[in-house]
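J.: Build me a model from this:
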Amino acid sequence: MEKTNKAERIETIKKRFHREWLLIAVNEIDKATTTPLSGKVVAHSPHREDIYQLLLKPPKAKKLLIEYSEDSFPKGYAAAF
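T.: So this is what the prediction gives:
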């Protein structure tokens, strides 16, 4: 897993980590749509459980985003809003 100090666009982060789960500290949100726009990678892993395990002792960031780097989830996963 990796931490970076540089804020990047969410779409740029997703392109860099192929088929991985991402934990991102969000630093910019589109106020009109509440869509996260940029942030810093806190952690990444091909295994969702690794990211969820980190949330047992969450980072100090006020806004966290869990994101899968691809447009579709791996087989057996779904999203609910």
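
J.: show me where this structure has helices.
T.: 10-16, 48-54 (DSSP state H).

J.: mind giving me a markdown table with these and columns for distance to residue 37?
T.: C-beta here means a position set from N, CA and C on the backbone, and glycine is covered the same way. Formatted as a markdown table, the helices of the chain follow (distance: least, C-beta to C-beta, whole Å):
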| stretch | distance to residue 37 |
| --- | --- |
| helix 10-16 | 6 |
| helix 48-54 | 20 |
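
J.: Of all those, which one is nearest residue 40?
T.: Residue 40 lies closest to helix 10-16 among the helices of the chain, at 8.8 Å (C-beta to C-beta).

J.: I'd like to know the average pLDDT value across the closest one.
T.: Confidence for helix 10-16, expressed as mean pLDDT, is 95.

J.: try stretch 53-71
T.: 89.

J.: mind listing the strands in this protein by residue range?
T.: 8-9, 21-30, 35-45, 64-68 (DSSP state E).

J.: Export these as TSV, with columns for mean neighbour count and distance to residue 79.
T.: Output for these, formatted as TSV (neighbours: other C-beta atoms under 10 Å; distance: least, C-beta to C-beta, whole Å):
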stretch	mean neighbour count	distance to residue 79
strand 8-9	15	21
strand 21-30	18	12
strand 35-45	18	15
strand 64-68	17	9
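
J.: Reformat those as a markdown table; add distance to residue 75.
T.: A markdown table is the format used below for the strands of the chain (distance: least, C-beta to C-beta, whole Å):
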| stretch | distance to residue 75 |
| --- | --- |
| strand 8-9 | 28 |
| strand 21-30 | 15 |
| strand 35-45 | 18 |
| strand 64-68 | 13 |
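
J.: Residue 13: how many residues sit nearby?
T.: 22 (other C-beta atoms under 10 Å).
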